[in-house]
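Novice: sequence isn't available, so here's the structure alone:
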Ligand code: GLC
């Protein structure tokens with residue numbers, strides 16, 4: 001069974017008043033009582049899955065296999081493609097203490113933001129099972145000593161190219177951004193002369209969202225300009241290498257990259273590349289399986305290498321992405337939900353997903369598996385790119401990460417669109433990051449347990465103590481201008497809950 005979660009349905013939930021909520025809760029108890037008597041042990045577990053490319057189907061097949069094996073049932077809930085929108089929905093659902101989703105598919109950058117809402121999975125996994133996974137991801141998913149999510153698949157930005165076109169124009173794969181610009185220009189000129197006026201040299205993710213943060217981080221890191229905020233929490237973005245990176249990126253748009261890139265997410269870039277209208281593309285590994293699918297116009301014509309270096313002294317780098325599975329504290333079926341997580345993150349299931357969907361395993365041993373390497377050869381050749389990928393500063397900035405990233409992608413978007421000069425961009429970004437950091441980076445443990453008040457703007461809400469995490473989510477939503485009014489409603493209901501405890 002698949003269902004859609006929309007913003008609207010959650011806003012409606014958030015607006016429910018005290019008595020309506022009590023009635024709903026009573027109805028839920030009644031219903032769950034009925035369900036329990038119908039089936040003494042089986043649980044229905046709801047899992048939220050991404051829907052980029054074939055993601056939803058892969059999730060559904062895995063979850064169904066688990067249901068068949070255990071006698072439980074699963075409800076697969078699809079969430080928006082874009083990670084930024086998904087976060088907003090998760091924040092609402094979790095802040096409301098909703099039990100609508102038992103298992104959350106969460107981005108690698110969210111354990112710090114959402115971790116307090118998830119159970120510790122350590123008691124469900126053996127030490128050997130945990131030790132199979134890449135250590136840095138386990139460390140990333142451990143918040144305040146609690147393993148709040150199990151690694152499901154990892155990701156790193158890579159460069160896709162058309163093997164046939166590089167051969168046609170006598171080119172090698174590009175080592176630096178300069179090479180890429182020269183090669184893409186040559187191919188674009190040639191293909192347009194040959195009659196394809198829709199042809200572009202290079203496509204990537206340029207929309208103002210988390211995906212652009214990844215692309216822009218890669219530009220900056222490839223020039224040796226750091227990762228915005230270093231491991232100690234220092235803001236490092238205002239440096240000449242970052243300016244060089246932004247200058248390079250701005251020079252792409254309108255030349256080898258369509259202006260429309262300012263509105264491209266992963267699937268938009270894939271659409272252009274997979275239909276045969278681009279020579280190069282920056283994307284995540286999932287695009288490999290789809291690009292080589294039976295009805296893909298570029299089937300067997302694709303190669304994958306590391307992204308270019310920022311000059312000869314720069315480095316080939318890819319942003320670290322990936323997705324984890326977490327069990328909600330508000331779930332009524334925590335044992336079954338954790339068992340589903342154990343199944344989906346297992347070696348067997350990760351192997352199935354690697355072969356069929358080119359999702360990078362988080363289990364090191366699978367990078368030596370013959371079947372996996374035959375299906376996705378670059379899992380072998382780019383092993384170092386995957387294990388040395390540059391992480392976004394989500395661990396060190398904790399709950400503040402989404403604000404940091406929003407500031408970064410907005411400035412990067414203005415640079416790409418030509419509204420801001422690279423040299424001004426790094427100064428402005430530095431000053432915005434300083435403002436965000438003013439009260440310190442807010443790691444979940446740093447403020448845990450501290451009481452805060454409900455924002456006065458929430459109409460009809462008394463000032464009552466709320467957990468600090470609630471206030472942080474409110475200010476974050478305001479910052480990103482996402483669902484601000486909806487969240488205030490949500491906090492109003494949270495406040496009522498808190499007061500009636
Ligand atoms: C991919 C990555 C994820 C990242 C997102 C940005 O899904 O795995 O970590 O945040 O892209 O669009």
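Specialist: Received the coordinates, thanks. The shown structure was predicted, so the numbers you read here are calculated from the model rather than taken from an experiment.
Novice: ok, residue 298 touching residue 274?
Specialist: Yes. Residue 298 is within contact range of residue 274, at 5.9 Å (criterion: Cβ atoms under 8 Å). Heads up, the C-betas are built off the backbone N, CA and C, glycines and all.
Novice: more neighbours: which of the two?
Specialist: Remark: of residue 298 and residue 274, residue 274 carries more neighbours, 24 against 20, as counted by other Cβ atoms under 10 Å.
Novice: next up, the contacts around residue 58.
Specialist: Residues in contact with residue 58 (Cβ atoms under 8 Å, 6 or more residues apart in numbering) are 353, 356-357, 359.
Novice: ugh, wrong one, I meant residue 343
Specialist: 62, 65-66, 69, 349.
Novice: pull out the buried members of the residues you listed.
Specialist: Buried members of those, scored by 16 or more other Cβ atoms under 10 Å, are 62, 65-66, 349.
Novice: give me the common contacts of residue 298 and residue 274.
Specialist: In contact with both residue 298 and residue 274: residue 291, using Cβ under 8 Å, 6+ apart.
Novice: follow-up on the earlier one: hmm, which two among the contacts of residue 58 are most spread apart?
Specialist: 356 and 359 (8.5 Å; Cβ to Cβ).
Novice: just give the closest residue to residue 204, not the sequence neighbours.
Specialist: residue 282 (4.0 Å; Cβ to Cβ, 6 or more residues apart in numbering).
Novice: can the host helix or strand of that neighbour be said to contact the ligand?
Specialist: Per DSSP states H and E, residue 282 falls inside strand 278-283. No. Applying Cβ under 6 Å from any ligand atom, one finds strand 278-283 separated from the ligand by no less than 9.2 Å.
Novice: and that strand, which strands flank it?
Specialist: In the sheet, strand 278-283 lines up against strand 158-162 (antiparallel), strand 200-203 (parallel) (DSSP bridges).
Novice: inside helices: which ones of the contacts of residue 343?
Specialist: 62, 65-66, 69, 349 (DSSP state H).
Novice: format those residues as TSV; extra columns: distance to the ligand and pLDDT.
Specialist: Output for the ones in helices among the contacts of residue 343, formatted as TSV (distance: Cβ to the nearest ligand atom, whole Å; pLDDT from 0 to 100):
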residue	distance to the ligand	pLDDT
62	17	98
65	23	98
66	22	98
69	27	97
349	18	98
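Novice: if you count surrounding residues, which of residue 356 and residue 359 has more?
Specialist: Using other Cβ under 10 Å as the criterion, residue 356 and residue 359 rank with residue 359 on top: 27 against 14.
Novice: which is the next helix or strand following the strand or helix carrying residue 212?
Specialist: Assigned by DSSP H and E, residue 212 falls within helix 210-222. Sequence-wise, the next helix or strand downstream of helix 210-222 (DSSP H and E) is helix 240-250.
Novice: show me what whichever helix or strand comes after that next one is packed up against.
Specialist: Sequence order places helix 266-274 as the next helix or strand after helix 240-250, per DSSP H and E. Helix 266-274 sits against strand 200-203, strand 278-283, helix 286-291, with contacts defined as 3 or more Cβ pairs under 8 Å, 6 or more residues apart in numbering; DSSP states H and E.
Novice: quick one: contacts of helix 266-274?
Specialist: Contacts of helix 266-274 (Cβ under 8 Å, 6+ apart): 52-53, 81, 160, 200, 203-205, 207, 211, 258, 260-261, 278, 281-284, 287, 290-291, 296-298.
Novice: next, the closest residue to residue 41 other than its chain neighbours: phi, psi?
Specialist: Nearest non-adjacent residue to residue 41, counting by Cβ to Cβ, 6+ apart: residue 71, 7.6 Å away. With angles defined as degrees, to the nearest 10, residue 71 sits at phi 80, psi 0.
Novice: ok, now residue 308?
Specialist: Backbone phi and psi, for residue 308 under degrees, to the nearest 10, turn out to be phi -70, psi 160.
Novice: wouldn't it be in contact with residue 316 here?
Specialist: Yes. Counting by Cβ under 8 Å, residue 308 touches residue 316, with 6.8 Å between them.
Novice: more neighbours: the two, which one.
Specialist: Counted by other Cβ under 10 Å, residue 308 and residue 316 do not tie: residue 308 has more neighbours, with 27 against 21.
Novice: how close does residue 203 get to residue 413?
Specialist: Separation of residue 203 from residue 413 (Cβ to Cβ, to the nearest Å): 16 Å.
Novice: show me which of the two is the more surrounded one.
Specialist: residue 203 (28 against 19).
Novice: that one and residue 261 touch, don't they?
Specialist: Yes. Counting by Cβ under 8 Å, residue 203 touches residue 261, with 6.4 Å between them.
Novice: next, count neighbours for the nearest residue to residue 244 once chain neighbours are set aside.
Specialist: Leaving aside its chain neighbours, residue 244 sits nearest to residue 223 (5.1 Å; criterion: Cβ to Cβ, 6+ apart). Counted with other Cβ under 10 Å, the neighbours of residue 223 add up to 26.
Novice: and residue 223, backbone torsions?
Specialist: Residue torsions, per degrees, to the nearest 10, at residue 223 are phi -90, psi 0.
Novice: residues touching it, list them.
Specialist: 241-242, 244-245, 248, 310-311, 314 are the contacts of residue 223 under Cβ under 8 Å, 6+ apart.
Novice: low-confidence ranges, the stretch 301-450 of the chain, go.
Specialist: 442-450 (pLDDT under 70).
Novice: enumerate the residues of it near the ligand.
Specialist: Counting by Cβ under 6 Å from any ligand atom, the residues of the stretch 301-450 of the chain near the ligand are 321-323.
Novice: what about the residues you listed, which are in strands?
Specialist: Cross-referencing those against strands under DSSP state E gives 321-323.
Novice: what's the neighbour count on the residue in the stretch 401-501 of the chain that the ligand sits nearest to?
Specialist: Residue of the stretch 401-501 of the chain nearest the ligand, by Cβ to the nearest ligand atom: residue 405 (8.9 Å). Neighbourhood size, residue 405 [other Cβ under 10 Å]: 27.
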